[in-house]
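Undergrad: Build me a model from this:
(chains A, B, C and D)
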Protein chains: 4
Amino acid sequence: MKRIAILTSGGDSPGMNSAIRSVVRYALSHGVSVTGVSHGYQGLVDKNFTELDRRDVSNIINLGGTFLKTARSEEFLKRAGREKAYKNMTESGIEGFIVIGGNGSYKGALVFNREYDFPAVGIPATIDNDIAGTQETLGFDTALNTAMDAIDKIRDTAYSMDRIFLVEVMGRESGAIAVHSALAGGAEDVIIPEIKQDMDSILEKVKQGRKSGKKSWIIVVAEGSGKTGIMVEELRKYIDDVRVTVIGHIQRGGSPSAFDRILGARMGSAAVDALLRGKRHHAVGWRNDAPVVYPLKDAVEYKRENFSQFIKLIQILT
Amino acid sequence: MKRIAILTSGGDSPGMNSAIRSVVRYALSHGVSVTGVSHGYQGLVDKNFTELDRRDVSNIINLGGTFLKTARSEEFLKRAGREKAYKNMTESGIEGFIVIGGNGSYKGALVFNREYDFPAVGIPATIDNDIAGTQETLGFDTALNTAMDAIDKIRDTAYSMDRIFLVEVMGRESGAIAVHSALAGGAEDVIIPEIKQDMDSILEKVKQGRKSGKKSWIIVVAEGSGKTGIMVEELRKYIDDVRVTVIGHIQRGGSPSAFDRILGARMGSAAVDALLRGKRHHAVGWRNDAPVVYPLKDAVEYKRENFSQFIKLIQILT
Amino acid sequence: MKRIAILTSGGDSPGMNSAIRSVVRYALSHGVSVTGVSHGYQGLVDKNFTELDRRDVSNIINLGGTFLKTARSEEFLKRAGREKAYKNMTESGIEGFIVIGGNGSYKGALVFNREYDFPAVGIPATIDNDIAGTQETLGFDTALNTAMDAIDKIRDTAYSMDRIFLVEVMGRESGAIAVHSALAGGAEDVIIPEIKQDMDSILEKVKQGRKSGKKSWIIVVAEGSGKTGIMVEELRKYIDDVRVTVIGHIQRGGSPSAFDRILGARMGSAAVDALLRGKRHHAVGWRNDAPVVYPLKDAVEYKRENFSQFIKLIQILT
Amino acid sequence: MKRIAILTSGGDSPGMNSAIRSVVRYALSHGVSVTGVSHGYQGLVDKNFTELDRRDVSNIINLGGTFLKTARSEEFLKRAGREKAYKNMTESGIEGFIVIGGNGSYKGALVFNREYDFPAVGIPATIDNDIAGTQETLGFDTALNTAMDAIDKIRDTAYSMDRIFLVEVMGRESGAIAVHSALAGGAEDVIIPEIKQDMDSILEKVKQGRKSGKKSWIIVVAEGSGKTGIMVEELRKYIDDVRVTVIGHIQRGGSPSAFDRILGARMGSAAVDALLRGKRHHAVGWRNDAPVVYPLKDAVEYKRENFSQFIKLIQILT
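TA: Numbering: from 1, shown residues only, chains lettered A, B, ... in the order given. As a prediction, the model looks like this:
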């Protein structure tokens, strides 16, 4: 293999730049040239290609987002778009690609690989940490720390004013950020999409707590649970001063944590190794403190974690 | 004067603890005892008093919020409540009080002072920086940095995904956080409550920018402008991917910046000095890098700053 | 078991407070009372005991250091001191203790357990991440991020002034902080105590780099390597402007990262579980993303990791 | 004036990039072209020039250091070097320059202006805040917050282990960082170069404090005082466990604070205005919350502030 392409796809997440840097420099050190693709799969369709050398990835390891940019591509979802992408890559001498992204990006890679038998390796990047087969995804640790910092700040007001706060964190299918930030932030309770929780018992605990003198209360809600609105409504029936904060998009950005940078560096080099060792439809994952390589088809499903023990611990510790 | 009281009132803001620490230790070093009042004016009504010595204010300078807690008091707004407060203070040997808070807290102090001729000195604390007569208020610098950090994080995604973001920051009557965080965060535009701005020209600039290749765009909106909803609606008429982030309550919390801690320390000692020098209805302010003391009646109005030059500069620099 | 003691021993590290909070609240929720011991083993000798209830550990999860304080105890190293400790504990109805600390603290617990057959469980806490049998120790992730932030800041000057910096990070026996912060910070090279490295080849790379136009250079040095002095001397033979920064004690402090808080919460509850299940001379560890319990005797040795792959990756990626 | 040059000189400091961005975009919006000069005055000598347009200064406002790089130039100190610089500028159509730097950089500008009657305007940038005629310099606020964060972290260990720490902060001629970070960090004492302080009384206070139960102690020392070594020696005569931390070069780097970015933006535009209004040997300063313009000759001396009130306040508040 003489040339590979690298792209970032789907939502951006902190650590992508570290992974790009690693792919580029590791490949170059193995005599493989690297083509950078802008704007994800759309860049494959549009032949938005640039040669990347070592200096092009200098001073990016500490930056959030992705300097290759990312996008969601309608065209690549269609056969005609993928045809163009294939043509563009073969014309440019590209013999395989590495895509950094989430479930949707993995599915695109898998379809493309099946149609053209074209080598593709995925690196998991999503703040939701919801990709099957890997314990960690790029960006999760940073997003978690951002959410926790927000909870820390909100606690200052919750404590000072004896207030109840609902803090909505990201996670459409996954309660990963919610349970981890609730535990780390010392929140009183957490509501996630994966399991059916008894809203009444959560409300009852707030009531009992306030009676016994515990005035401030923080409940972390994963956006995907869809429970923020109803909880506010219910709480306001007997407590005036309930506030809602939606942490929002700040969870996607920011300088990556040490863990995410290291994850990017190590999974990036592992992805290049995988391509060079002949893997053609695989994903890199992180298990037991080291990179692993496994079939893309095992990674495209959302990971459904059982967070019930976690929730129990949060409730015990508050 | 042998004993003074200290309380925090209204919304909490970073730096309050530094001011409390300064009042307590500075007063003690001048032979004056200090009574800590919990929950603001309500604590005066309820006689929620504690003796404070030097150790009680150890290790709080770096903490957000207020360890004395704060509240909004309905009772103190009424004559009967203030009567109780007066009685409680005189019974306890309190000869004057220092209140750390915003406009509402100042008004309470002024009314109380007029009714009972009781010495009261205010320290300005609000993240909105909207108190007349002082260039800075406690908490503004910290809140500004929090808002700016959020804009920095959002720019990662705005850039990576060529997106337009509306970022709503705090400020009911004041665009102070908005214009400063927009300038510091390199935002493309800003909308504030103080001045009537031409929404069409803001929209036109976004359109023109995107035509000329400038894809990502951040517009900071002060919540008090009430313009977030309509701007999103208008922008979405011709751009699909417009996102809104409401920074929210995280702006009130967090470890105070160096500036806010120093402001608290210096204004706290100046407030004690003012009481000891016989000031009876005054506020401490910050002008030209030093504390000043001036009549409370000159401080109770909202400060209306002319930010038009500021806005012009933001627009020129993007 | 009706009562247990909790203490922190050796150097402080971020996350200790989260572990204390978890031990206290988890034990209480299982009907077990908790005695807090101040100043580590010396507190056992001096009977420096306090009853801890749920409220005593409120609002500490986000604080660095240890609110129980820690110390190194000469007395506990001697038989007479341990005799007193045993007497104090049995008099107070304490039936087992949990010690949060590093290798030295573990050795103390093991000796004590052997002498008195007294149940003792350890929770690994040291920024050096050098305890055998656990992948992670409390404080390592926070210290790593602090070291990385420092490298990020230093790179601003290294880049702006085309300078070479030696950055000394903590780690007496262990290069863990050094290799991880070097990789995460994008440093050009790293020197650690575990393996014999060729100083000449490191120097040669700097020379070659500068010839080929790479002017700025950051070399991370673990303090335990003892190589900072000689490297500066060698580098200054042909480059004027070599700077040294010793990150120092800031690596021990600061608000713990999300990971360290979660680690503290989960290992704290696991330690209580271990005691209640009858473990008498064991340590809690962290493996494959979950707590494990294993004999203290397997944990008291320094962990010697083979970081040569890590170093190779750092060198390839710069 | 149709073209101006912009350069950064001397040590880098946070906020320089914001000032460069402001100079470039503000000048362009006034129809003035901008030449970027690399490596400070040496770049004038070497004709290290680049045309800067709006996009060249995108996404730099949040970065520490200076993307134009800086250097100390031996050649520019000599007549022959300045001759070259003059020739290079006139050949390139440059009619004036803006230099961002400290006292040394200002002196270079003044000499050059006198020799060639060439318009030069200075923007004060140094973390030491020691330039006469301006209340603030670019980088001081960021450096102060970095030093304070370090003190916060060190306090965790000082408190947890009842230790005494000497914390050395930057400041060769100036105690500005020292007094401000000591006050903001709640340090117990501070030693600065500007005034003769009684070391014995500082030592005596530590002794007395420890007797009365105050075990941990942080003394901030400005490097320029030269007192770190002797203080450690003296303290160790009767206290075993005295630690020293030299904060070092991290104080020069890091993402600039909101204040420094705003300062850069506003002084940058003011510097362009000054050149366009015909100022030929002037500096921009910051007084009373707004930019001012004054003769360079009034700025080249070190500012000697009287920090004795500040020190007294620090001592009262601890």
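Undergrad: Am I right that residue A:99 sits in a strand?
TA: Yes: assessed with DSSP: H, G, I helix; E, B strand; the rest coil, residue A:99 lies in a strand.
Undergrad: Quick one: neighbours of it, just the number.
TA: 27 (other Cβ atoms under 10 Å in any protein chain shown). For glycine as for every other residue, the C-beta is placed from the backbone atoms N, C-alpha and C.
Undergrad: ok, it - contacts?
TA: Shown in contact with residue A:99 (Cβ atoms under 8 Å, 6 or more residues apart in numbering or on different chains): A:7-9, A:40-41, A:105-106, A:108-109, A:120-123.
Undergrad: so which of these comes closest to residue D:307?
TA: Of all the contacts of residue A:99, residue D:307 sits closest to residue A:8, with 50.7 Å by Cβ to Cβ.
Undergrad: hmm, back to that, which of the contacts of residue A:99 lies closest to chain D?
TA: Closest to chain D out of the contacts of residue A:99 is residue A:8 (17.1 Å), distances taken as Cβ to the nearest Cβ.
Undergrad: Counting neighbours, what do you get for the closest one?
TA: Neighbour count of residue A:8, defined by other Cβ under 10 Å: 33.
Undergrad: That one against residue A:65, yeah?
TA: No: contact criterion Cβ atoms under 8 Å: residue A:8 and residue A:65 do not qualify, at 9.1 Å.
Undergrad: Now list whatever residues contact both of the two.
TA: A:16, B:160.
Undergrad: list the contacts for the residue nearest the centre of chain A?
TA: Nearest to the mean C-alpha position of chain A, counting by Cα atoms, centre = their mean, stands residue A:126 at 1.5 Å. Counting by Cβ under 8 Å, 6+ apart, residue A:126 makes contact with A:10-11, A:13, A:101-103, A:137-140.
Undergrad: Dump those residues into a markdown table; add neighbour count, distance to residue C:2 and pLDDT as well.
TA: Shown next, in a markdown table, are the contacts of residue A:126 (neighbours: other Cβ atoms under 10 Å in any protein chain shown; distance: Cβ to Cβ, whole Å; pLDDT from 0 to 100):
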| residue | neighbour count | distance to residue C:2 | pLDDT |
| --- | --- | --- | --- |
| A:10 | 23 | 54 | 94 |
| A:11 | 23 | 52 | 95 |
| A:13 | 35 | 48 | 97 |
| A:101 | 30 | 54 | 98 |
| A:102 | 25 | 50 | 96 |
| A:103 | 21 | 50 | 95 |
| A:137 | 28 | 44 | 98 |
| A:138 | 34 | 47 | 98 |
| A:139 | 31 | 46 | 98 |
| A:140 | 30 | 41 | 98 |
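Undergrad: These in strands, which ones?
TA: Among the contacts of residue A:126, the members falling in strands (DSSP state E) are residue A:101.
Undergrad: so which of the contacts of residue A:126 also contact chain C?
TA: Among those, no residue lies close to chain C (Cβ under 8 Å from any Cβ of the partner chain).
Undergrad: which one of the contacts of residue A:126 sits closest to chain B?
TA: Chain B has its nearest neighbour among the contacts of residue A:126 in residue A:11, at 7.5 Å by Cβ to the nearest Cβ.
Undergrad: so the closest one makes contact with residue A:70?
TA: Yes: using Cβ under 8 Å, residue A:11 is in contact with residue A:70, at 7.2 Å.
Undergrad: Need the residues touching each of the two.
TA: The contact sets of residue A:11 and residue A:70 overlap at residue B:161 (Cβ under 8 Å, 6+ apart).
Undergrad: List, one by one, the residues from chain A near chain B.
TA: A:8, A:11-12, A:14, A:39, A:63-66, A:69-71, A:146, A:149-150, A:152-157, A:159-162, A:165, A:243, A:245-250, A:252-254.
Undergrad: Narrow those to just the buried residues.
TA: The neighbour count (16 or more other Cβ atoms under 10 Å in any protein chain shown) marks A:8, A:11-12, A:14, A:39, A:63-66, A:69-71, A:146, A:149-150, A:152-157, A:159-162, A:165, A:243, A:245-250, A:252-254 as buried among the residues of chain A next to chain B.
Undergrad: close enough to count as contact, residue A:301 and residue A:130?
TA: No: using Cβ under 8 Å, residue A:301 is not in contact with residue A:130, being 9.4 Å away.
Undergrad: More neighbours: those two, which one.
TA: Of the pair residue A:301 and residue A:130, residue A:130 is the one with more neighbours under other Cβ under 10 Å, namely 26 against 14.
Undergrad: how close does the more buried one get to residue C:84?
TA: Separation of residue A:130 from residue C:84 (Cβ to Cβ, to the nearest Å) stands at 54 Å.
Undergrad: likewise residue A:105?
TA: For residue A:105, the distance to residue C:84 (Cβ to Cβ) stands at 63 Å.
Undergrad: who's more crowded, these two?
TA: With neighbours defined as other Cβ under 10 Å, residue A:105 and residue C:84 compare such that residue A:105 has more, 29 against 17.
Undergrad: Among the buried ones among the residues of chain A next to chain B, which lie within strands?
TA: Among these, the members found in strands (DSSP E) are A:8, A:165, A:243, A:245-246.
Undergrad: Identify, from the residues you listed, the entry nearest to chain C.
TA: The closest of those, once distances to chain C are taken by Cβ to the nearest Cβ, is residue A:165, at 14.9 Å.
Undergrad: Please list all residues in contact with that closest one.
TA: A:154, A:157-158, A:216-219, A:242-245, B:249.
Undergrad: who in the stretch 101-250 of chain A is up against chain C?
TA: Selection of the stretch 101-250 of chain A residues close to chain C by Cβ under 8 Å from any Cβ yields A:135, A:141, A:144-145, A:148, A:152, A:155, A:159, A:180-181, A:183-186.
Undergrad: mind running it again at 7 Å?
TA: A:135, A:141, A:144-145, A:148, A:152, A:159, A:180-181, A:183-184, A:186 (Cβ under 7 Å from any Cβ of the partner chain).
Undergrad: Check the nearest residue to residue A:158 once chain neighbours are set aside and give its pLDDT.
TA: With Cβ to Cβ, 6 or more residues apart in numbering or on different chains as the criterion, residue A:158 has its nearest non-adjacent residue at 4.0 Å, and that residue is residue A:216. We have a pLDDT of 92 for residue A:216.
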